[in-house]
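**Q** only geometry, no sequence info:
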Ligand code: NAD
Ligand code: MLT
């Protein structure tokens, strides 16, 4: 009997393939403390996580029988890939299932920033009728800078084009031909900083993207730029963002992800020009079902030596 531990909340309907397998035992134990996880991980051949479980080198060292780690989502920055590969453990993700949900949240952020929807909603709920304070801007004819033109960035671009925005994208790994197919202009990151009215980030967090948006980047931006991050905390340097908001360089920022999560002691949460959601990009019924189905299928195939795609 092979054993799989599910240590985050993952759609059980989506996990059907594993739950119904006669020769696989699935233990669902979300919210384990790190020490508890370390104590029990040695019993398992498979580990299935979302983003809350931090699969550190320490955990991997204790995972003596682990063959595969599945991530129900795209980002694998909560897993120590180097430690896993040193120990011969495969890491499999579910890269497609939450693309649309995250693109839709990103677009909702762009619209909320344009029209001050969260701030004016919050005022009115408190009995404050303030029509003068909340004059917004149109999206029509504005330049949207998209940093990272992969799955999510491309879906955001499609939606922005329907709103007649001009798309200026930066992604060192896509070709002019792909840009042409998408009907967007591919530029440099400096062009985005200097020309964009709105900027939205859709890269993974890597050593190249860590603090990609720092003091220097803000110093180049158009005054009044609106900036959204539904990718990963740490791509924007939060300290520099605070300063840029206070100086009026950034008119509004919309954040779904943070350097430290939850960011409960971050001054950004209290800033009137910051719109915040608690890492909800992939939190739709559809996305959670999709990623669970995909990762369950991949883990099943891996454990049964069948062909698999996303390792
Ligand atoms: P993807 O791999 O399809 O696209 C990422 C793109 O970023 C690629 O085209 C890649 O070439 C580009 N890129 C890599 N390094 C870059 C750099 N230095 N500068 C500019 N571009 C660079 O991934 P995706 O599905 O579009 O997801 C993007 C990221 O969004 C994920 O890595 C994940 O961290 C994050 N995400 C967040 C949520 C959420 O809940 N908020 C949900 C899904 C994904
Ligand atoms: C991802 O990388 O897929 C996201 O962070 C979504 C999640 O919260 O799992």
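**A** Ah, there it is. Just so we're clear, the structure is a prediction, and the values are computed from it rather than from any experiment. Ligands and ions are numbered 1, 2, ... in the order given.

**Q** Can you get me a residue count around the residue in the chain that ligand 2 sits nearest to?
**A** Using Cβ to the nearest ligand atom, residue 73 is the residue of the chain that sits closest to ligand 2, at 2.5 Å. Placement of C-beta: from N, CA and C, glycine included. Close neighbours of residue 73, defined as other Cβ atoms under 10 Å, add up to 26.

**Q** Kindly report the same for residue 169.
**A** Per other Cβ under 10 Å, the neighbour tally for residue 169 reads 25.

**Q** Mind checking the pLDDT average for the strand or helix carrying it?
**A** Residue 169 is part of strand 166-170, with elements assigned from DSSP states H and E. In this model, strand 166-170 has an average pLDDT of 98.

**Q** Neighbouring strands - and their directions - for it?
**A** The partner list of strand 166-170 in its sheet, established with DSSP bridges, is strand 143-147 (parallel), strand 185-186 (parallel).

**Q** Relative to residue 62, tell me which of those wins on proximity.
**A** Using Cβ to Cβ as the measure, strand 143-147 is the one of these that comes nearest residue 62, at 37.3 Å.

**Q** near ligand 1, anything from that closest one?
**A** Yes - under the criterion of Cβ under 6 Å from any ligand atom, ligand 1 is reached by strand 143-147 at residue 147.

**Q** now the strands: where do they sit in the stretch 51-200 of the chain?
**A** Taking DSSP state E, counting those that start in this stretch to define them, one finds strands in the stretch 51-200 of the chain at 68-71, 90-93, 143-147, 166-170, 185-186, 198-201.

**Q** Make TSV out of the ones you listed and add distance to ligand 2.
**A** Formatted as TSV, these follow (distance: least, Cβ to the nearest ligand atom, whole Å):
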stretch	distance to ligand 2
strand 68-71	7
strand 90-93	8
strand 143-147	16
strand 166-170	20
strand 185-186	24
strand 198-201	13
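
**Q** Comparing the ones you listed, which comes out most buried?
**A** strand 68-71 (a mean of 27; mean count of other Cβ atoms under 10 Å).

**Q** quick one: it to chain centroid distance?
**A** Distance of strand 68-71 from the chain centroid (Cα atoms, centre = their mean, to the nearest Å) equals 18 Å.

**Q** Point out the residues in the stretch 101-250 of the chain that sit beside ligand 2.
**A** Within the stretch 101-250 of the chain, no position is near ligand 2 by Cβ under 6 Å from any ligand atom.

**Q** Just the closest residue of the stretch 101-250 of the chain to ligand 1, please.
**A** residue 150 (1.8 Å).

**Q** That residue against residue 171, yeah?
**A** Yes - with contact defined as Cβ atoms under 8 Å, residue 150 counts as touching residue 171 (7.3 Å).

**Q** hang on, the residue of the chain closest to ligand 2 packs against residue 98?
**A** Yes - using Cβ under 8 Å, residue 73 is in contact with residue 98, at 6.0 Å.

**Q** centroid residue for this structure?
**A** Centroid-nearest residue in the chain, with Cα atoms, centre = their mean: residue 231, separated by 3.5 Å.

**Q** How about that residue: what's its closest non-neighbour residue?
**A** Nearest residue to residue 231, sequence neighbours excluded (Cβ to Cβ, 6 or more residues apart in numbering): residue 201, at 4.7 Å.

**Q** any idea how far the one you found is from residue 32?
**A** Using Cβ to Cβ, to the nearest Å, residue 201 is found at 31 Å from residue 32.

**Q** give me phi/psi at residue 289?
**A** Residue 289 has phi and psi values of phi -70, psi -50 when expressed as degrees, to the nearest 10.

**Q** for it, what are its contacts?
**A** Going by Cβ atoms under 8 Å, 6 or more residues apart in numbering, residue 289 touches 11, 13, 14, 97.

**Q** could these be laid out in JSON lines, adding secondary structure and distance to ligand 1?
**A** JSON lines is the format used below for the contacts of residue 289 (DSSP: H, G, I helix; E, B strand; the rest coil; distance: Cβ to the nearest ligand atom, whole Å):
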{"residue": "11", "secondary structure": "coil", "distance to ligand 1": "15"}
{"residue": "13", "secondary structure": "coil", "distance to ligand 1": "20"}
{"residue": "14", "secondary structure": "coil", "distance to ligand 1": "16"}
{"residue": "97", "secondary structure": "coil", "distance to ligand 1": "9"}
